[in-house]
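Asks: give me a model of this one.
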Amino acid sequence: MILHKWGTVEYERAMKMMREIHSLAKREGKNHLIVCSHPKVFTVGAEGRKKEWKIRVVHTDRGGSVTCHSEGQSVFYFCFSIGTPSLFYAKVKRVFSEVFEKLDERIFFDKKRPGFYIENRKLSSLGFRYEDGVSLHGVSVNIDVDLKFHSLVNPCDLKGVLATSLRKEGIFIEKEEFEEMVVEKVCEIFDESV
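Replies: Okay, the predicted model is just below:
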C-alpha cells in the first residue's frame, strides 16, 4: 500500500489529486491510502443533489448526502483495487470499528444510517464510489472540529442526528495518533504493508 499524507488541502483540489491517484492505481494495480483534511466546506453526494441547500455546497460523485469537512477532521480516501464492493466496504467498516473499540465502547456503527455514532451523535461518515475496479472517496472522522459549523446542517441530512467529535465526547487523542492507528489497522486488515 502506498500512503499519501497531504495535510490540509482544499476539497476541489483534493478531488483532482485523488482522481490522479485513482488512475495510477488502475494502471499499476497498487492500493493507495490518502490521509488529509479540508478547510471548511459542505459536500453533497448523489443522494443530496435534488435538494436546495441554505448553505454553499460542493457537488461530488460519491454516494450519500451532505457531509461537512473542516480542519480538525481526519479524512481517509481509499483508491484500492476491489473485487467485490461489499467485501471491501466490510473491511473498511472493520478497520474503523476496531480502532473506535480501543477508544470508547460507546461508539457503534449504524448500517441503516451508515456511520459511527455515540447515541444519536455522529462521529464519522462513510461514502464511496467504485469505478473500473478501484474505489474512490472514503471515511471522515471528527477529531476536534468546530461543531457550530458542523451543526449548520444535520449530518447526512438525517433527522434527529447531531454532529459530534471525539474531543466533545471526552475522548482525547491527537489527530496524528488517530491517523497512525487507522493506517496500522488498514495494513493489518487488508494484509498490506506501507
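
Asks: which of the three states applies to the residue nearest the centre of the chain?
Replies: By CA atoms, centre = their mean, the chain has its centre lying nearest to Val139, at 1.5 Å. Three-state call for Val139 (DSSP: H, G, I helix; E, B strand; the rest coil): strand.

Asks: quick check: Asp61 vs Arg129, distance?
Replies: Distance, Asp61 to Arg129, by CB to CB, to the nearest Å: 6 Å. From N, CA and C alone the C-beta is placed, and that goes for glycine too.

Asks: can you list residues touching both of those two?
Replies: Leu136 (CB atoms under 8 Å, 6 or more residues apart in numbering).

Asks: who has more neighbours out of the two?
Replies: Neighbour count, other CB atoms under 10 Å: between Asp61 and Arg129, Arg129 has more, with 18 against 13.

Asks: part of a strand, is that one?
Replies: Yes. Counting by three-state DSSP, Arg129 falls inside a strand.

Asks: which residues touch it?
Replies: Asp61, Arg62, Gly63, Ser135, Leu136, His137.

Asks: 7 Å instead, please
Replies: Asp61, Arg62, Gly63, Leu136, His137 (CB atoms under 7 Å, 6 or more residues apart in numbering).

Asks: and those residues, which is closest to Thr43?
Replies: Thr43 lies nearest to Arg62 out of those, by CB to CB, at 7.8 Å.

Asks: that older thread, make TSV from the contacts of Arg129 and add pLDDT and secondary structure to it.
Replies: Output for the contacts of Arg129, formatted as TSV (pLDDT from 0 to 100; DSSP: H, G, I helix; E, B strand; the rest coil):
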residue	pLDDT	secondary structure
Asp61	88	coil
Arg62	87	coil
Gly63	79	coil
Leu136	97	strand
His137	96	strand
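
Asks: adding distance to His32, write those out as a markdown table.
Replies: Formatted as a markdown table, the contacts of Arg129 follow (distance: CB to CB, whole Å):
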| residue | distance to His32 |
| --- | --- |
| Asp61 | 18 |
| Arg62 | 16 |
| Gly63 | 20 |
| Leu136 | 11 |
| His137 | 13 |
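
Asks: most neighbours out of the residues you listed, which is it?
Replies: His137 (26 neighbours).

Asks: what pairs with that residue across the strands?
Replies: Phe128 (DSSP bridges).

Asks: in its sheet, what does the lowest-mean-pLDDT helix or strand in the chain sit against?
Replies: Lowest mean confidence among the helices and strands of the chain (mean pLDDT, DSSP states H and E): strand 57-59, at a mean of 88. Under the criterion DSSP bridges, strand 57-59 sits next to strand 41-44 (parallel) in its sheet.

Asks: returning to that earlier point: residue contacts, the residue nearest to the centre of the chain?
Replies: Phe76, Val92, Phe96, Ser124, Leu126.
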